[in-house]
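Engineer: Next input, structure requested:
(chains A and B)
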There are 2 protein chains.
Amino acid sequence: MAGMKQAESSTKSLVLNALQGQSVSRPPIWLMRQAGRYLPEYRALRARARSFLDLCYTPELAFEITMQPVRRFGMDAAILFSDILLVADALGCAVTFVEGVGPKLEPVRSTADRARLRPAADAKKLAPVYATIRALKHELPAETALIGFAGAPWTVAAYMVEGEGSKEFYAARAFARREPAAFTGLIELLTEATIEHLRAQIGAGADVLQLFDSWAGVLPESEFRRWCQEPVARIVRALKEEHSDVPIIAFPRGAGLHLPSFADAVPVDGLSLDTTVPVAALRRTLPRLCLQGNLDPVALLAGGAGALEEAERIVAALASGPFIFNLGHGVLPETDPAAVAALVAHVRSLQLPCVPSHGGERDAC
Amino acid sequence: MAGMKQAESSTKSLVLNALQGQSVSRPPIWLMRQAGRYLPEYRALRARARSFLDLCYTPELAFEITMQPVRRFGMDAAILFSDILLVADALGCAVTFVEGVGPKLEPVRSTADRARLRPAADAKKLAPVYATIRALKHELPAETALIGFAGAPWTVAAYMVEGEGSKEFYAARAFARREPAAFTGLIELLTEATIEHLRAQIGAGADVLQLFDSWAGVLPESEFRRWCQEPVARIVRALKEEHSDVPIIAFPRGAGLHLPSFADAVPVDGLSLDTTVPVAALRRTLPRLCLQGNLDPVALLAGGAGALEEAERIVAALASGPFIFNLGHGVLPETDPAAVAALVAHVRSLQLPCVPSHGGERDAC
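Structural biologist: Okay, the predicted model is just below:
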């Protein structure tokens, strides 16, 4: 963590302030999958494109989709419209998205499959992502943080081995145990490719990075450390060496009881909490780390006063330290955009208690 | 917890001793889904039956399947061959098991659907389950504990609303938020039916009960308390009133950071830990509760020395208090029975440290 403390500037993003441990005038808010299927303007663009991947690989479209929720709701951050499986695709593990089913990949199930992958991601294939970021950086006002992202190596590897989504990722977990050398090689390949991909996103203008480890929650302790914690720590350290000013948020979804040791071991600036995390308890365990989360997307789907009351409880539980309001998982496709608008307005209206900033000194507030 | 301390008897089950907080001469072991598809003798019986439910509802078959792993491996406990969805079926929510897919139920998605359910489970429908238990109790030696079980209300309700298995049970969670009165009614109906079902299992001869809350891990804190913790606490209290001598194990799978407060709030004799729980840390948090778990079924699937080494680590982490060795989830169908035999033999051979028993006094050891 930077630990640096500056006076909050009106043009600086509240999200960046929170990640640097500074006090903020109101709760910063953005939502995972804020750009996506619940928005009619997204569905209109999607209908005109050949495939989901075309959206990701076409800068004009990815730019537009990224901007849609920022224009509609004035979110405090824009998150690049992209997908965590682009790195797999660029490594030669072809990805397709089957409508209503999810991603399908050519499974990596042997040392030979592993050997057929490229030694590094195809930079040309990923170039449109960086072009999208450059266009976004040019467009976005300074108060809207631009978040780049990647999948964490375990999660991307799990999809590559499994060949698709899964409840438990048994095939990936069995491969990791039966072919530890091949699996370690795959994780190392992904770790290096992810560092390069995020470095290029910083180079193109990303203000913040988030690492999505969506399937961190299926692993036992020793494998969580080996496949989730250590690779993410390596990525964060590599990026911090050159870009100590770019905050990094980790999202080890489902990490549960591993969260405190994860936060100790990985020098992240923020920790994104999934829906299941009891936020008040974790706030006490990690009083100074910027915590992000964690409204149940189902509460937002159900909408109404219930969603707003839960949002209040989360803000009250997190506000004794630095935090960013978010969901505990992505916006669900059936969500009413009006419920999102109501949530954003309500969270922004919430008063924050006068608390010491990250540096431990009390700000004027 | 009974807190009662007796000298360990050679004919008394090690599983019962552990659940009563007594020292044991060697680690007790049984495995979730020890009776099932990985055994060729199970597959032979399954091939002759019309359906999976037929197996559950035919005492001769359910008896035989329950006994198969006890005969083959000499497990320290037999767990009734049955299914957590039988209670749903007996309440009038018809269940079928589609081969290779999983359970399908007539979804309960409205107050009207809820109203069509029976006011209590059809006792005639469940009678074969109790007949199976009576036959098992007659057959099993005293050193083999007979475990009866049920699904916890949240998990059964989640299947009833969703109509099938799911990664996230969004339909069930949305119904719970949109129709809280109907969902509360469903949970209460299941709570009462589960108490009756377990009471009848005790009456038929079950020595121990386990409550499976397989989908406890998808809920946020407030809903975890309301839909998982409170109904399970109510069931445990109701059963303890009449049968304080029958130990109850809860398995709130995926409960993660909620486990310590769950253990505080629910007067169970044992807590079954899923694969993801860091056992050494939880042992420190709950030094006196009987903990059960938690080898990764994928480690057993991969077999070899790796599985045995992990089993050793788990025993070493748990053995400072009462414990039962188990998996963190059910045996996978592709598991080699020889790997199970090797695991059972190895766990039984492990030396236990000389530790105080649950009562805090040091036993001769």
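Engineer: For chain A, give the residue positioned nearest to chain B.
Structural biologist: A:G256 (2.5 Å; CB to the nearest CB). No exception for glycine: its C-beta is placed from N, CA and C like everyone else's.
Engineer: Identify the residue spatially nearest to that residue, adjacent ones excluded.
Structural biologist: B:G256 (2.5 Å; CB to CB, 6 or more residues apart in numbering or on different chains).
Engineer: surely the one you found meets B:L273?
Structural biologist: No - using CB atoms under 8 Å, B:G256 is not in contact with B:L273, being 10.4 Å away.
Engineer: returning to what we had before: pop out the phi and psi values for the residue nearest to A:G256.
Structural biologist: Phi and psi for B:G256, reported as degrees, to the nearest 10, are phi 50, psi -120.
Engineer: Please apply the same query to A:P287.
Structural biologist: Backbone geometry at A:P287, expressed as degrees, to the nearest 10, gives phi -70, psi -20.
Engineer: show me what contacts it?
Structural biologist: A:S320, A:G321 (CB atoms under 8 Å, 6 or more residues apart in numbering or on different chains).
Engineer: A:A157 too?
Structural biologist: By CB under 8 Å, 6+ apart, the neighbours of A:A157 are A:A172, A:F183, A:L186, A:I187, A:L190, A:W227.
Engineer: Would you reformat those residues as a markdown table and include distance to chain B, secondary structure and neighbour count?
Structural biologist: Putting the contacts of A:A157 into a markdown table (distance: CB to the nearest CB, whole Å; DSSP: H, G, I helix; E, B strand; the rest coil; neighbours: other CB atoms under 10 Å in any protein chain shown) gives the following:
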| residue | distance to chain B | secondary structure | neighbour count |
| --- | --- | --- | --- |
| A:A172 | 9 | helix | 28 |
| A:F183 | 11 | helix | 23 |
| A:L186 | 17 | helix | 28 |
| A:I187 | 16 | helix | 22 |
| A:L190 | 20 | helix | 27 |
| A:W227 | 12 | helix | 27 |
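Engineer: Can you give the distance from the helix or strand A:S222 falls within to the centre of its chain?
Structural biologist: Assigned by DSSP states H and E, A:S222 falls within helix A:221-223. On the basis of CA atoms, centre = their mean, to the nearest Å, helix A:221-223 is displaced by 22 Å from the centre of the chain it belongs to.
Engineer: anything in the very next helix or strand once past it near chain B?
Structural biologist: Per DSSP H and E, the first helix or strand lying C-terminal to helix A:221-223 is helix A:230-242. No - judged by CB under 8 Å from any CB of the partner chain, helix A:230-242 stays clear of chain B, getting no closer than 15.6 Å.
Engineer: just checking, what packs against helix A:230-242?
Structural biologist: helix A:153-162, helix A:180-204, strand A:208-213, strand A:248-252 (3 or more CB pairs under 8 Å, 6 or more residues apart in numbering or on different chains; DSSP states H and E).
Engineer: Contacts made by the last one with the rest, please.
Structural biologist: Spelled out, that is strand A:248-252. So strand A:248-252 is contacted by A:19, A:147, A:152, A:208-214, A:216-217, A:228-229, A:232, A:236, A:239-240, A:258-259, A:262, A:266, A:268-272, A:274, A:290, A:292 (CB under 8 Å, 6+ apart).
Engineer: right, and the helix or strand after that strand?
Structural biologist: helix A:259-265.
Engineer: what about A:A135, helix or strand, and which?
Structural biologist: Residue-wise, A:A135 maps onto helix A:123-139 under DSSP H and E.
Engineer: Now that helix: average pLDDT?
Structural biologist: Mean pLDDT, helix A:123-139: 98.
Engineer: what's the spacing between the residue nearest to A:T285 when sequence neighbours are not counted and A:G270?
Structural biologist: Spatially, and ignoring its direct neighbours in sequence, A:T285 is nearest to A:P260 (5.3 Å; CB to CB, 6+ apart). From A:P260 across to A:G270, the span is 15 Å (CB to CB, to the nearest Å).
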